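**Q** model this:
(chains A and B)
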Protein chains: 2
Amino acid sequence: MKYKAEIDIMPLKALLDPQGKAVSISMQNLGLSEVSEVRIGKHISLNVEATNETEASAKVDEACKKLLANEIMESYEFELSEV
Amino acid sequence: MKYKAEIDIMPLKALLDPQGKAVSISMQNLGLSEVSEVRIGKHISLNVEATNETEASAKVDEACKKLLANEIMESYEFELSEV
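**A** Residues are numbered from 1 along each chain as shown, chains lettered A, B, ... in the order given. This is a model prediction of the structure:
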């Protein structure tokens, strides 16, 4: 079966996020002063072939650990859905 | 009230995504040949101050259009939750 994974990879809470900080400041300049605490990460969507959801989940987890996320600086979470 | 917005910004389906393509190829090399159709975009979380959800939604939409997303190359969607 084929599963679609939607992965969010975000900078760890404890770390500064200079890109998010820059966007926060730009928001003020654009007149959107109600916006705060901007954090910017990656969103990755991919398809994975597996016999069941547990196996699909294990494969996506492996992909995140090996290639997609840098666990020293980032945390990841994902959702699976059958396609 | 304060709302948290989780925004996903992805390259349009019609466009090539060279970063996603590179990751797809790397997956094969890492022995994860079950992974395909990788597309890479941005995930942005932010807080917005507004009197109700409709107003919060309008503000986040404005932020996406003005600054966060490039609508020529990207599409965006977001979810709001009260914090």
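
**Q** what's the average pLDDT for stretch A:12-26?
**A** With pLDDT averaged residue by residue, stretch A:12-26 scores 94.

**Q** and the closest residue to A:Glu74 other than its chain neighbours, what pLDDT?
**A** In space, not counting the residues next to it along the chain, A:Glu74 is nearest to A:Ile9; the distance is 5.1 Å by Cβ to Cβ, 6 or more residues apart in numbering or on different chains. C-beta: built from backbone N, CA, C; applies to glycine. On the pLDDT scale, A:Ile9 is placed at 98.

**Q** Quick check: bridge partners of A:Ile9?
**A** Under DSSP bridges, the beta-bridge partners of A:Ile9 are A:Lys42, A:Tyr76.

**Q** There's contact between it and A:Ser75 in this structure, I believe.
**A** Yes - counting by Cβ atoms under 8 Å, A:Ile9 sits close enough to A:Ser75 to count as a contact (7.5 Å).

**Q** Distance-wise, check the residue sitting furthest away from the middle of chain A relative to B:Lys66.
**A** For chain A, the C-alpha farthest from the mean C-alpha position belongs to A:Gly31; by Cα atoms, centre = their mean, that distance is 27.8 Å. With distances defined as Cβ to Cβ, to the nearest Å, the gap from A:Gly31 to B:Lys66 amounts to 9 Å.

**Q** Chain A: helices as residue ranges?
**A** For chain A, the helices defined by DSSP state H occupy A:18-29, A:53-63.

**Q** among those helices, which is the most enclosed?
**A** Between those, helix A:53-63 has the highest mean count of neighbours, a mean of 18, where neighbours are mean count of other Cβ atoms under 10 Å in any protein chain shown.
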